[in-house]
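Enquirer: Sequence first, predicted model second:
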Amino acid sequence: MKQLTRLAGLAALLGIAASPAAAQEKIKIGVLVTTSGPAAALGQQVRDGFALAVKDLGGKMAGRDVEIVNADDELKPDAAVVKVRGLLERDKVDFVVGPSFSNILLAIHRPVTDSKTFLISPNAGPSSFAGKECNPFFYV
């Protein structure tokens, strides 16, 4: 939990410009994890743990208010892509936290990183994203 909080805080500090206008806007974080079906317990713990970390930080990161937008990936890669596109396009999140499972990460990695949005994975981290496939917008 503390490691996830530190990673999110570091990404917020590095990824958000410190202009007066930016300091007034909320940081929007999309949390995309499995919260339904047989694997729901793990995703619910990630979601709730992240919300608790933000609460412990006083609802702020880098001096800015934080808004969390939750989405259930349903443990289905196709559904996860639809949900993450909604987080990126409709909700305009600055970061995506999740998923818990590698098959979902494989599906959402490119849409998130291609949009130059930070993707912070609390669990999944296939070796295929290391080395030449390493991306500055992806943290595990």
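Expert: Structure received. In this text, all values refer to a predicted model and were calculated from it rather than measured experimentally.

Enquirer: Can you give me the separation between the residue nearest to Ser100 when sequence neighbours are not counted and Arg90?
Expert: In this structure, Ser100 finds its nearest non-sequential neighbour in Asn123, 4.7 Å apart by CB to CB, 6 or more residues apart in numbering. (Each C-beta comes from the backbone N, C-alpha and C, glycine too.) Asn123 sits at a distance of 25 Å from Arg90 (criterion: CB to CB, to the nearest Å).

Enquirer: Leu119 is in what secondary structure piece?
Expert: strand 118-120 (DSSP states H and E).

Enquirer: Show me which of Asn123 and Arg90 is the more surrounded one.
Expert: Remark: of Asn123 and Arg90, Asn123 carries more neighbours, 16 against 9, as counted by other CB atoms under 10 Å.

Enquirer: what sits against the more buried one?
Expert: Counting by CB atoms under 8 Å, 6 or more residues apart in numbering, Asn123 makes contact with 42, 46, 99-101.

Enquirer: What does it show for phi and psi?
Expert: phi -150, psi -60 (degrees, to the nearest 10).

Enquirer: okay, the nearest residue to Gly125 once chain neighbours are set aside: pLDDT?
Expert: Excluding its sequence neighbours, the residue lying closest to Gly125 (CB to CB, 6+ apart) is Val140, at 3.5 Å. Note on Val140: pLDDT of 85.

Enquirer: In this structure Val140 contacts Ala124, no?
Expert: Yes - Val140 is within contact range of Ala124, at 7.5 Å (criterion: CB atoms under 8 Å).

Enquirer: average model confidence for stretch 41-56?
Expert: The model assigns stretch 41-56 a mean pLDDT of 95.

Enquirer: oh sorry, the question was meant for stretch 104-118
Expert: pLDDT averaged over stretch 104-118 gives 95.

Enquirer: just stretch 70-87 next, same as before
Expert: The model assigns stretch 70-87 a mean pLDDT of 98.
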